[in-house]
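# Output the structure for:
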Amino acid sequence: YYITNNLSLTMADTTDYEKLTTEESWDETDRRITQMGFFGWRPRFLECLNKPAIFAGFFAFGNFFMVMTYGILSLVIPIIESVYNLNSKQTGVIFMANDISGTIVALMIGNYCSARKVRWIGLGMLVVFISAVIPASTAILAEYPQPTILSKIDLVIEQNQTVHVENDRFGVCKEVHTTKQTTGTPNESEGYAVRNHKYFWMFVLGSLLQGVGNAPPRIAGATYMDEIFTQKQFGVAISFLYVVSFLGYPITMILGGVFLQYYVTLDPPEGVTLGSKEWVGAWWMGMFFPSILVFVFSFIVLLYPRQMPAAKKVLQEKVRKGITTVLEKKEELGRSFIEITKDTIPALKRLIRNQALTCLIVGDIFYFLSVGAYSYYPKLYAKIFRLNYKAVGSIMGISSMIGFGIGFISSGFLMKIKEWEPKQLQLVYAIVSALAIPFTFGILIYCPTETLAGVDVSYSDVLNTTQLSSPTLMDQCNSECACSTAFYQPVCDGAVTYFSPCHAGCREVEVEEGRVVSYVNCTCSPSGTAMPGQCGQQCPTRMYISLTITTIGTVVGFSGFAAHAYIYQRVVSEMDRTFTQGIRSSVIRALGTLPAPVIFGWVIDKFCTVWRVSEDGTTGNCWVYDLDRLMLWFTFLRVMMRTLSCVCYFLCWWVYPERNAVVEEEEVDDYKKPDQSSGVQQGEEDQNGLIQNGD
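Sure thing, here's the model as predicted:
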């Protein structure tokens, strides 16, 4: 049975099963239009690639690089916030723009791409390529922090010595020489971030296009694979697709850490080295390089026909099981644009009446609300485990690779070992989703938070003075200094962390071989000295325990993913599958992934204790958080959302019919069963809009 690749060709009018499912019923023209190529160019040498497994490979690796283009954003968000003067709410808008455009596009094309699935998938990948190039190009346009011109005393620091400095390089106390009050920026080019803020809208535009491009592969990808793989093959194929696709996230975390070792312009200014406060890593590489490969794979995918020859075997199996009919398949592929438009409202009514589908989608809404937290995981991991972003990328990359990989592979083999009924699969998915919830608490195991002078404790308490004062970054001990929060340069006196050497009241610096080893003459510290960096040490034991718990949770949660994808293909009729994916994508984006980054971004900003304030008083990104309260609320929100999703998944199982043939009642009345011996009999529509079948 060859499903035609040209809608202008009229399919046979007969409904005879044997004729419609034998190769002899199709002439050479029909056979030719299942070949790969563009328009009239369909060379036979490409037919060696016209196989379901090979298509799944190309599509999976195309998705892999698509994930890399936007996966890097969560790792480099702190850098983008600093360079472009953004707060967490604004970065939440960037993430949200993706879902706004995706919601609109999915709603518009969901019912129109059923007959041209591959074409839509390939074009969507091309748009993703453009969406990555736009924000990456801001790396060329933006300004970056520059070290100030070194004074003569800096140029002669070659031997071990202690010097008194009043320049910007070391961030020490600079006495106020005029009566004019100033915020005392620690770098004369501090205004670069304010000037870069105008490029915020290029990130929003890129995110909008990303949502447009991601919609077609998400809507049509699984549906197309459902047409070329049998039920047992589908579980393995969809697992392979998602294993490879989601590996893009950990791989981009690992590679992102490597890219950040290079300066953003590839030519750092003199005096700026890796680890200095002016260093900006090459964040754009993680977007631009994968997007080139997305561009290549998009053309490969566009070579594939609307339906492969392998669809014959799959259709025969579906008809035999009562999942669809030949008439219904013919109607799905032969509908014109006007017919699809006319059927949109009736199709929408059918989906709304489907109680099982409604519970499934509502459950996914709560689930994806919780997934919005992952956008901020790299930022939080860097804070709670005191890691640099290269280490964060590597650790999270490896953890995600293990969790996603084992979880998806397990889900594929779960479907392969037995031909489960959809209702059974739904129960399995609900159970594994519930079992994964307790592992969410693993993130609460983190390093003890340090005490920050002027935030967690007042300077009078640090100095053990009798003066009563509330915690504030500026106090009597550093009142003669022109300190700023434009840069976070923490120092430690052995017990307490200070925001910067300036806030510690340090006026001198000890240098060895051109490297700062300590700050001295610090008026806000009891010891009078401070060392670069925060107080406290890394806690590898806690970190590994936390990562192990969260990784196990990922494995458990994703072990039912293939079942979840398959249920969406069976919970509705054959010709409503693509429209269902469009509705699902739109609703989940609008109510789930769209508000999620904003919600979690608002929670994170709510517990900010020190904001970046520029010379003109503009508030930028947050430097310091109340981590203990932040992590509790952050975890509570995730657990609450995951619990609500599990409740909906169990409800879906409860209302799901025992068996269904996803053909409408009116079609069953008019349709003569192709094979009465197959055991498929007519049934009645239940409360879900599905057809109950007997054996």
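
# just checking, residue 490 touches residue 502?
No. Under the criterion of C-beta atoms under 8 Å, residue 490 is not in contact with residue 502, lying 11.6 Å apart. Any C-beta I mention is one placed from the backbone N, CA and C, and that applies to glycine too.

# Between these two, point out the one with more neighbours.
With neighbours defined as other C-beta atoms under 10 Å, residue 490 and residue 502 compare such that residue 502 has more, 29 against 21.

# And the more buried one, how close does it get to residue 480?
As judged by C-beta to C-beta, to the nearest Å, residue 502 and residue 480 stand 11 Å apart.

# and if you look at residue 67?
52 Å.

# same question, residue 131
Taken as C-beta to C-beta, the span from residue 131 to residue 480 is 51 Å.

# The spatially most central residue of the chain and residue 245: what is the separation?
Nearest to the mean C-alpha position of the chain, by C-alpha atoms, centre = their mean, lies residue 71 at 5.5 Å. Distance, residue 71 to residue 245, by C-beta to C-beta: 10 Å.

# contact partners of stretch 123-133?
62, 66, 69-70, 206-210, 212-217, 287-288, 290-292, 294-295, 297-298, 301-302 (C-beta atoms under 8 Å, 6 or more residues apart in numbering).

# what sits against residue 244?
Going by C-beta under 8 Å, 6+ apart, the list of residues near residue 244 reads 60-61, 63-64.

# before we move on, what about residue 252?
Contacts of residue 252 (C-beta under 8 Å, 6+ apart): 67-68, 71-72, 75, 286, 290, 397.

# ok, now residue 447?
So residue 447 contacts 384-386, 536-539, 542-543 (C-beta under 8 Å, 6+ apart).

# farthest pair in the contacts of residue 244?
Spatially, the most separated pair among the contacts of residue 244 is 61 and 63, at 7.2 Å (C-beta to C-beta).

# Helices of the stretch 1-150 of the chain, start to end?
Applying DSSP state H, counting those that start in this stretch to the stretch 1-150 of the chain gives helices spanning 17-20, 28-32, 52-83, 88-109, 117-136, 138-141.

# Would you single out the least confident of these?
Among the helices of the stretch 1-150 of the chain, helix 17-20 carries the lowest mean pLDDT, a mean of 39.

# can I assume residue 449 sits in a strand?
No. Using DSSP: H, G, I helix; E, B strand; the rest coil, the secondary structure at residue 449 is coil, not a strand.

# Please name the spatially closest residue to it (chain neighbours excluded).
Leaving aside its chain neighbours, residue 449 sits nearest to residue 627 (4.9 Å; criterion: C-beta to C-beta, 6 or more residues apart in numbering).

# count of neighbours near that neighbour?
19.

# Next up, the contacts around it.
383-384, 446, 449, 607.

# Out of those, who's the most crowded?
Counting by other C-beta under 10 Å, top hit in the contacts of residue 627: residue 384 with 24 neighbours.

# Do I have it right that that residue meets residue 628?
No. In this structure residue 384 lies outside contact range of residue 628 using C-beta under 8 Å: 9.8 Å.

# measure the nearest residue to residue 382 once chain neighbours are set aside to residue 557 for me?
Leaving aside its sequence neighbours, residue 382 sits nearest to residue 392 (C-beta to C-beta, 6+ apart; 5.0 Å). With distances taken as C-beta to C-beta, residue 392 is found 22 Å from residue 557.

# Strands along this structure, start to end?
Counting by DSSP state E, the chain has strands at residues 161-164, 491-492, 497-498, 506-512, 515-522, 529-532, 608-613, 619-625.

# Quick one: closest of those to residue 313.
Set against residue 313 and scored by C-beta to C-beta, those come closest in strand 619-625, at 55.9 Å.
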